[in-house]
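Visitor: Sequence and predicted model, in that order:
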Amino acid sequence: MNIVLFGAPGAGKGTQSALIVEKLGMVQISTGDLFRAAIKNKTELGKQAQAFMDKGELVPDSVTIQMVDEVLVNLKSKSFILDGFPRTQAQAEGLGKILKQRGLEIGKAIFLEVPKEELLGRLTGRRVCKACGAVYHVQTKPAKVDGVCDNCGGEVVQRNDDKVDVIATRLKTYEDNTLPLRSYYKEQGKYVELNGAQDSDKVFSALKTVVQGG
Ligand code: AP5
Ligand code: MG
Ligand code: ZN
């Protein structure tokens, strides 16, 4: 089953997607990760995306939809999880169209519910590996050696957009644009809500049940 995973900045989309990849062998498509890779590689797409990301605003829909379309072309028949896409009504409709063209569909759109008070602490404390993208947290999930990735030995740093003023814009952007997608997927009969404020392994076990069609 193909899945959309959505929720606020810091809701745990990346953390849960990594578990799904590891334990269920699905493919993760994270638009945030794809944009960060483009910035790192100094591509034209990266140049377009950076200004929006640094401010905590959304990259324009047309650019984002096209990027996802290009990834879907190369997927073959693997099941995928969309992490952080779609984030607007236009992206959701665009996704519907490109999937239909390829004879694919989304089975469930899973919303990770986390109270706003919890998000700020998760985002300000988050650290990520520059090399492999592994996600840490200074309090709840520290790297074994400070600043060094457990998986690959890469440098563990703070994301550029995890600064308090940018976080505020990201949360507002999310509330205005992405939260309304709950109704969109409810109308399609695909909406599932999970409690994202529990321990990560509890969230994963609930998520796994949904992904496996339970
Ligand atoms: P993106 O990278 O997707 O950022 P985001 O949506 O703000 O989400 P995050 O990655 O910050 O949070 P997450 O839910 O993945 O949480 P995580 O698992 O890391 O997008 C960045 C930017 O790119 C956007 O602002 C925009 O500019 C652009 N962009 C991306 N997609 C776009 C699109 N579709 N359209 C237009 N523009 C787009 O967890 C966070 C922290 O919490 C970690 O430290 C983790 O260890 C901790 N944590 C996780 N789960 C738990 C738990 N259960 N309990 C306690 N702590 C936990
Ligand atoms: Mg993420
Ligand atoms: Zn790493």
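Guide: Here it is on my side, so go on. Ligands and ions are numbered 1, 2, ... in the order given.
Visitor: Show me which residues of this protein sit near ligand 2.
Guide: Contacts of the chain with ligand 2, taken as C-beta under 5 Å from the ion, map to 13-14. C-beta: built from backbone N, CA, C; applies to glycine.
Visitor: Report back the residue of the chain that's furthest from centre.
Guide: Val145 (26.1 Å; C-alpha atoms, centre = their mean).
Visitor: distance of that one from Val71?
Guide: With distances taken as C-beta to C-beta, to the nearest Å, Val145 is found 33 Å from Val71.
Visitor: just for this structure, where's the confidence low?
Guide: For the chain, applying pLDDT under 70 flags the ranges 214.
Visitor: hey, where'd the helices end up in it?
Guide: Secondary structure of the chain by DSSP state H: the helices cover 13-24, 31-40, 44-55, 61-73, 89-101, 116-125, 164-177, 181-187, 200-211.
Visitor: wait, which of the ones you listed is closest to ligand 1?
Guide: Closest to ligand 1 of the helices of the chain is helix 31-40 (C-beta to the nearest ligand atom; 2.1 Å).
Visitor: by contact count, what packs against that closest one?
Guide: Counting contacts by 3 or more C-beta pairs under 8 Å, 6 or more residues apart in numbering; DSSP states H and E, helix 31-40 is packed against helix 44-55, helix 61-73, strand 80-83.
Visitor: nearest to ligand 3, of these?
Guide: strand 80-83 (17.6 Å; C-beta to the ion).
Visitor: now check that closest one, is it near ligand 1?
Guide: No - residues of strand 80-83 are not located near ligand 1 by C-beta under 6 Å from any ligand atom, the shortest gap being 6.6 Å.
Visitor: Packing partners of that strand?
Guide: strand 3-7, helix 13-24, strand 27-30, helix 31-40.
Visitor: Export those to CSV and append columns for distance to ligand 1 and mean neighbour count.
Guide: Converted to CSV, the helices and strands packed on strand 80-83 look like this (distance: least, C-beta to the nearest ligand atom, whole Å; neighbours: other C-beta atoms under 10 Å):
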stretch, distance to ligand 1, mean neighbour count
strand 3-7, 6, 24
helix 13-24, 3, 19
strand 27-30, 6, 20
helix 31-40, 2, 18
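Visitor: Make JSON lines out of these and add distance to Gly196.
Guide: Below are these laid out as JSON lines (distance: least, C-beta to C-beta, whole Å):
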{"stretch": "strand 3-7", "distance to Gly196": "6"}
{"stretch": "helix 13-24", "distance to Gly196": "8"}
{"stretch": "strand 27-30", "distance to Gly196": "16"}
{"stretch": "helix 31-40", "distance to Gly196": "17"}
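Visitor: among these, which is nearest ligand 3?
Guide: Between ligand 3 and those, the shortest separation by C-beta to the ion is 11.3 Å, and it involves helix 13-24.
Visitor: hey, what's the residue farthest from the centre of the chain bridged with?
Guide: Applying DSSP bridges to Val145 gives these bridge partners: Val148.
Visitor: Return the distance of it relative to ligand 3.
Guide: For Val145, the distance to ligand 3 equals 12 Å [C-beta to the ion, to the nearest Å].
Visitor: residues contacting the closest residue to ligand 2 within the chain?
Guide: Closest approach of the chain to ligand 2 (C-beta to the ion) occurs at Gly14, with a separation of 3.1 Å. By C-beta atoms under 8 Å, 6 or more residues apart in numbering, the contact list for Gly14 reads 30, 32-33, 83, 133, 135.
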